[in-house]
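S.K.: give me coordinates for this.
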Amino acid sequence: MSEIDLNKLIKDMNLEVLCKSDNTELKITKSDINRPGLQMAGYYKYFSFDRIQVIGNAEWYYVNELDNELKYKRLDKLMKYPIPAIIMTRGLDFTTHAVETAKKYNRTFLRTELPTTKFVSKLTNYLEDLLAPTITMHGVLVEVYGIGILILGKSGVGKSETALELIKRGHRLVADDAVEIKKHDEGVIKGRAPELIKHLVEIRGIGILDIKRLYGVGSIRNSKTIDLVIELEYWQKNKEYDRLGLDDEHIEILNTKLTKITLPIKPGRNVAMILEVAAMNHRQKVMGYNAALELNKRLINGIDNK
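M.R.: Prediction:
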């Protein structure tokens with residue numbers, strides 16, 4: 001399971017530490033966030049205590065309107081749960097009792113100056129990005145006419161050379177050799193390059209190329225949604241390849257089904273140009289037009305008319 005260290009969260013989100021747990025094994029594993037308004041009112045039946053708790057104006061001013069005895073009772077009960085962290089927004093002040101109660105149960109209190117809605121949105125995006133299911137695949141990811149194409153194939157088949165030719169034609173590189181893939185939403189996966197090899201391409205016989213420096217910032221992208229997978233393989237004489245495109249092939253990556261094309265490679269084939277056509281054809285299919293089905297329809301109509 002993906003997890004985030006609390007210290008990393010504090011640093012990345014620029015949070016002020018007012019009281020910090022000394023539990024070094026404490027990790028954040030949920031991207032969901034809870035605002036404990038019902039808990040401040042005394043209702044705990046469906047309390048999601050394993051999430052980060054965000055307290056804004058509504059929760060804090062409500063609990064401050066309670067008499068001291070009830071207020072302390074509610075805070076004490078809230079702190080008993082193993083909460084990863086409580087974050088106050090809008091720079092709201094902690095009461096001395098709240099901090100002491102947090103120390104008593106070894107909980108973490110943090111604070112931000114951001115408004116509650118803006119902070120919750122920012123924190124949710126941050127957690128979803130870091131906690132999203134992730135794998136690394138050997139391949140190349142490029143953007144061609146706005147379509148994210150993941151190029152797969154055995155080492156030496158020509159993936160990087162194809163990407164370089166596409167870059168020369170005005171398309172953009174996302175990652176070469178290793179592609180980090182994350183599932184963000186249902187049916188949506190995005191790829192990016194590991195930080196170490198970002199914007200770099202390896203061409204056998206030449207070495208490492210910095211695409212950003214060679215072709216400019218317009219030739220690269222930091223990340224891209226993967227729309228189409230193309231696997232390059234050496235042409236096999238006795239293998240039957242799809243010539244019409246009626247039978248769609250698919251591949252599953254992180255439980256997400258993607259359209260896949262197996263492209264045979266042999267001397268004389270302009271692979272970069274074929275990938276451009278594949279991107280445009282994929283977009284047509286997404287928009288509802290399939291040339292193979294149209295040809296099939298014409299053939300059937302021709303037979304029926306005879």
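S.K.: alpha carbons only for contacts and neighbour counts from here, please
M.R.: Noted.
S.K.: give me every residue that touches the nearest residue to Leu131 once chain neighbours are set aside.
M.R.: Closest residue to Leu131 apart from its sequence neighbours, by Cα to Cα, 6 or more residues apart in numbering: Ser2 at 5.2 Å. Contact partners of Ser2, counting by Cα atoms under 8 Å, 6 or more residues apart in numbering, are 29, 130-133.
S.K.: did I read that right, Ser2 in a strand?
M.R.: No: counting by DSSP: H, G, I helix; E, B strand; the rest coil, Ser2 falls outside a strand, being coil.
S.K.: I'd like the distance between it and Thr134.
M.R.: 9 Å (Cα to Cα, to the nearest Å).
S.K.: Leu299 belongs to a strand?
M.R.: No: under three-state DSSP, Leu299 falls outside any strand and is assigned helix.
S.K.: ok, it - how many residues close by?
M.R.: Per other Cα atoms under 10 Å, the neighbour tally for Leu299 reads 12.
S.K.: quick one: His250 and Thr256 touch, right?
M.R.: No: contact status for His250 versus Thr256: not in contact, 9.9 Å apart, counting by Cα atoms under 8 Å.
S.K.: which members of the contacts of Ser2 occur in helices, if any?
M.R.: Counting by DSSP state H, these place 130-131 in helices.
S.K.: if I pick Gln284, what's in contact with it?
M.R.: Asn290.
S.K.: buried residues, stretch 5-18. List them.
M.R.: By neighbour count on 16 or more other Cα atoms under 10 Å, the buried set for stretch 5-18 is 6, 9, 15-16.
S.K.: list of residues touching stretch 228-237?
M.R.: 147-154, 157-159, 251, 258-266, 279, 282.
S.K.: report the buried residues of it.
M.R.: Here stretch 228-237 shows 228-233 as buried, counting by 16+ other Cα under 10 Å.
S.K.: distance of Val217 relative to Ala292?
M.R.: When Val217 is compared with Ala292 (using Cα to Cα), they lie 37 Å apart.
S.K.: now, of the contacts of Ser2, which are buried?
M.R.: Here, 16+ other Cα under 10 Å leaves 29, 130-132 buried among those.
S.K.: okay if I get those residues as JSON lines plus distance to Ile83 and pLDDT?
M.R.: Shown next, in JSON lines, are the buried ones among the contacts of Ser2 (distance: Cα to Cα, whole Å; pLDDT from 0 to 100):
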{"residue": "Thr29", "distance to Ile83": "12", "pLDDT": "88"}
{"residue": "Leu130", "distance to Ile83": "19", "pLDDT": "87"}
{"residue": "Leu131", "distance to Ile83": "18", "pLDDT": "88"}
{"residue": "Ala132", "distance to Ile83": "21", "pLDDT": "86"}
